[in-house]
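In: no FASTA, just this:
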């Protein structure tokens, strides 16, 4: 029969009556073990709100011992702002007992013994016993999840603002190209004694400042042109000491602490230097009465614990640059916003709010991560992490020549969809001695090339254009004119030529705005 255990001695039933107490005790022990091993805090209360059951996780979560909780009112585990109305909610629940799952969109919080509050999710159930009805709460600490959600929202917001900033910088650079280009032509015609020359020079200075501002926007949006190389952090930091000491002033002590055997990293050294300078200047401004700036380097390993709370960062070996100050520090709200463009705590006219945004963009564009630690009255520390590489240090890159080289006489196919920029560039090239074939877009450029019988030495094209990009145009034209060189122009760099802001090998690129001298120098470099 199914109720007989044939393997039992004498064919006795597997659940003899004298075994029931032992089995019940075993079952109770199992339930207690499950209760204690649960990952959620579990509490039970009676109708009067007294706690009658607590598991180990609830003790850990709220910081009370079991003895302190048993018999206490459940309201001690709630924030003070929510205690007054809780008794009414509790009475309503016991009047209409029901199961309420986790979440349901409620913003709940718990309160620890030390007074600190933390976000929680709570699901409710109930049980009817001989002693009456009891409510059961299953509590989950969701602090970690909330932190990750906030960081994700912040990252998405920064990405959206970055795209907007990059688009603005692109359009603004086109306008600046026209403003500064025509202004330089005016200066060429004005005598040094002309009373209007001073006005024209001021216009040029303003245009240069505006160009620097757009470069900061491009850095934040991670669309700035990069020329990365393998570099040693300690050597780079050592080379910036003299400049930093001049910038921060005599009342601030600069302490450089570089660890031995710090690994190499791949980045644009100009960008890294600019990031360090921006951080040092920001630190200086946080110490109006003097203080200390400490710059450190070290090899670090970022494990999964770090990467779980820093979206986008992969575990691995990194080179760290830390910039610390003894300034007034920041509160939590300021820390959350410091990398946003145009956010500043400085007085009006004392800063643009782009310094730290620029640092953020440069670090992220280099594949790294940045984190800040700060408390009011205790200063701030910015930690920059860059992936460590085993490649040898690159040879020092030569700087671009800024002086105009000899004039040319070759034929150049100029393709630019912005009419004002096209007309300005046409005049620049003609003054440099070139024969110019202008075209407003890719289709027109193909037609010009088809009907022009002579040799075209250079295709000078904007990158981002309607219908056909500069890269697509170049690929088509170079099939029929394989000896033709190509120079790309753009005030915006997220395109097929510049992948994530990093120039592909062998690609010649000139960012807008540019002067006639720089344009002429770049063309001669390509053609000779």
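Out: Ah, there it is. Source: prediction; values computed, not measured.
In: Run a quick neighbour tally on residue 301.
Out: Counted with other C-beta atoms under 10 Å, residues neighbouring residue 301 total 10. Just so you know, the C-beta spots here come from the backbone N, C-alpha and C atoms, and that holds for glycine as well.
In: give me the beta-bridge partners of it?
Out: In this entry, residue 301 is beta-bridged to residue 317, by DSSP bridges.
In: I'd assumed residue 320 was in contact with it.
Out: No: in this structure, residue 301 is not within contact of residue 320 by C-beta atoms under 8 Å, at 10.2 Å.
In: overlap in contacts of these two?
Out: Between them, residue 301 and residue 320 share no contacting residue under C-beta atoms under 8 Å, 6 or more residues apart in numbering.
In: Would you map the strands across the stretch 51-200 of the chain?
Out: Applying DSSP state E, counting those that start in this stretch to the stretch 51-200 of the chain gives strands spanning 51-54, 108-111, 117-129, 132-141.
In: out of those, nearest to residue 479?
Out: Closest approach to residue 479 among the strands of the stretch 51-200 of the chain (C-beta to C-beta): strand 117-129, 61.0 Å.
In: pLDDT on the closest one, on average?
Out: The average pLDDT within strand 117-129 is 88.
In: what packs against it?
Out: Under the contact definition 3 or more C-beta pairs under 8 Å, 6 or more residues apart in numbering; DSSP states H and E, strand 117-129 sits against strand 108-111, strand 132-141, helix 143-189.
In: Could you identify which of the ones you listed has the lowest mean pLDDT?
Out: Across the helices and strands packed on strand 117-129, the lowest-scoring stretch is helix 143-189, with a mean of 71.
In: and residue 266, what pLDDT?
Out: Value listed for residue 266 in the pLDDT field: 87.
In: For residue 198, see how far away it is.
Out: Residue 266 sits 46 Å away from residue 198, going by C-beta to C-beta, to the nearest Å.
In: When the two are compared, which one has more neighbours?
Out: A count of neighbours by other C-beta under 10 Å puts residue 266 above the other of residue 266 and residue 198, at 16 against 10.
In: Sheet partners, orientation included, of the helix or strand hosting that one?
Out: Assigned by DSSP states H and E, residue 266 falls within strand 264-267. Each strand paired with strand 264-267, and its direction, by DSSP bridges: strand 229-232 (antiparallel), strand 380-389 (antiparallel).
In: okay, these, which one's buried deepest?
Out: strand 380-389 (a mean of 21; mean count of other C-beta atoms under 10 Å).
In: Let me know the average pLDDT across the helix or strand just after the strand holding residue 266.
Out: Where DSSP H and E defines the elements, the next helix or strand beyond strand 264-267 is helix 269-285. Regarding helix 269-285, the rounded mean pLDDT is 84.
In: helices and strands around helix 269-285, which ones?
Out: Here helix 269-285 touches strand 229-232, helix 233-248, strand 291-302, strand 316-325, helix 355-365, strand 380-389, going by 3+ C-beta pairs under 8 Å, 6+ apart.
In: could you give the angle of it to helix 355-365?
Out: 150 degrees (axes from the mean of the first three to the mean of the last three C-alpha atoms, to 10 degrees).
In: angle of helix 269-285 against strand 291-302?
Out: For helix 269-285 against strand 291-302, the angle by the same axes, to 10 degrees is 130 degrees.
In: can you list contacts of the strand holding residue 266?
Out: Under the criterion C-beta under 8 Å, 6+ apart, residues 226, 228-233, 319, 366-368, 386-393 lie in contact with strand 264-267.
In: what distance separates that strand from the middle of the whole chain?
Out: In terms of C-alpha atoms, centre = their mean, to the nearest Å, the centre of strand 264-267 is set 19 Å apart from its chain centre.
In: Let me see the mean pLDDT of stretch 368-379.
Out: 87.
In: in that stretch, what's buried?
Out: Under the neighbour-count criterion of 16 or more other C-beta atoms under 10 Å, stretch 368-379 has 368, 369, 370, 371, 372, 374, 379 buried.
In: How about stretch 473-492?
Out: In stretch 473-492, counting by 16+ other C-beta under 10 Å, buried: 473-474, 477, 481, 484-492.
In: Which of these fall within helices?
Out: Among the buried residues of stretch 473-492, the members found in helices (DSSP state H) are 473, 474, 477.
In: Next, count neighbours for the closest residue to the first one other than its chain neighbours.
Out: Counting by C-beta to C-beta, 6 or more residues apart in numbering, residue 442 is the residue found nearest to residue 473 once chain neighbours are left out, at 4.3 Å. Look at residue 442: counted by other C-beta under 10 Å, it has 23 neighbours.
In: contacting residues around stretch 62-79?
Out: Outside stretch 62-79, the residues that touch it by C-beta under 8 Å, 6+ apart are 41, 43, 45, 49-54, 58-59, 83, 86-87, 90, 109-114, 117, 137.
In: now stretch 446-463: how far from the chain's centre is it?
Out: With C-alpha atoms, centre = their mean, you get 41 Å for stretch 446-463.
In: cool, stretch 262-280 as well?
Out: Centroid separation for stretch 262-280 versus its chain: 16 Å, with C-alpha atoms, centre = their mean.
In: do the same with stretch 181-198
Out: Worked out by C-alpha atoms, centre = their mean, stretch 181-198 lies 43 Å from the chain centre.
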